[in-house]
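Engineer: make a model of this:
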Amino acid sequence: MNDLSIKDIGTRAGVTPRTVHFYIQQGLLPPPDGAGRGARYTEAHLARLRLIRRLQKEHLPLNEIRRQLAALTDVQVGQALATGTPSSARASNSALDYIESVKSGAGHKRRAPHAARPMLDAVASLTTEPISSAVRHSQWERIVLNDDLELHIRRPLSRERNRFVDKLLAFAKQMTQEEQS
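Structural biologist: So this is what the prediction gives:
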């Protein structure tokens, strides 16, 4: 198995190093082995990155791509790349179709864009979980408390939860200052 630098993996997948970092931060790609300039990526990272790019071209939202990739092994990712063929039918309208279906609230289960169906079906055949495009829109915030401790918060929060987080952060700051004294 060849180890690849971030520049190598980006070049081979047609993305920038910044995009690779973004996908890792968003949970679409696993972190590399090592850190900093010594970070090394594998062929498995490259395959996942290529599948992400292919699903994006089918106008699939990142949350749905993340959910699907989480259910796949590296072997299954390779199979999806080998067997999944992106559809060109209605590709120019597929994002619009998806937005219209979300706006209209058509049923509890939202379907992916028509053009994404062939790739979704290929990925779905590799997983045991049913494919659903229902997406809860949220964002994770990472707060570094010290070198060994982080706090992860899903946003948006209610006003009450925001107050709780503020108190928690104030307490954590006080504790770390006491620890350093």
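
Engineer: and residue 141, which helix or strand is it part of?
Structural biologist: strand 139-146 (DSSP states H and E).

Engineer: contact partners of that strand?
Structural biologist: 150-156, 169, 172-173, 176 (CB atoms under 8 Å, 6 or more residues apart in numbering). Heads up, the C-betas are built off the backbone N, CA and C, glycines and all.

Engineer: give me that answer again for 7 Å
Structural biologist: With contacts defined as CB atoms under 7 Å, 6 or more residues apart in numbering, strand 139-146 is touched by 150-155, 169, 172, 176.

Engineer: would you map the strands across the protein?
Structural biologist: 139-146, 149-155 (DSSP state E).

Engineer: dump those strands to JSON lines, plus mean neighbour count.
Structural biologist: Output for those, formatted as JSON lines (neighbours: other CB atoms under 10 Å):
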{"stretch": "strand 139-146", "mean neighbour count": "11"}
{"stretch": "strand 149-155", "mean neighbour count": "11"}
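
Engineer: which one of these lies nearest to residue 7?
Structural biologist: For those, the distance to residue 7 is smallest for strand 139-146, at 25.0 Å, taking CB to CB.

Engineer: that closest one vs strand 149-155, what angle?
Structural biologist: 160 degrees (axes from the mean of the first three to the mean of the last three CA atoms, to 10 degrees).

Engineer: going forward, begin numbering at 656 instead of 1
Structural biologist: Yes, from this point I'll number from 656; that puts the last item at strand 794-801.

Engineer: as CSV, could you dump the C-alpha coordinates of strand 794-801?
Structural biologist: Taking Å, rounded to 0.1, in the frame of the first residue of the first chain, the C-alpha atoms of strand 794-801 are listed here in CSV:
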residue,chain,number,x,y,z
GLN,A,794,-23.0,22.0,12.1
TRP,A,795,-20.4,20.8,14.6
GLU,A,796,-18.3,23.4,16.4
ARG,A,797,-14.9,22.2,17.9
ILE,A,798,-13.7,24.1,20.9
VAL,A,799,-10.1,23.3,22.0
LEU,A,800,-9.9,23.6,25.8
ASN,A,801,-6.3,22.5,26.1
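
Engineer: mind listing what's buried along the biggest helix by length in the chain?
Structural biologist: Scanning the chain for the helix with the most residues, using DSSP state H, yields helix 814-835. Neighbour counts over helix 814-835 (16 or more other CB atoms under 10 Å) mark residue 820 as buried.

Engineer: contact partners of it?
Structural biologist: Counting by CB under 7 Å, 6+ apart, 798, 800-801, 808, 812 sit against helix 814-835.
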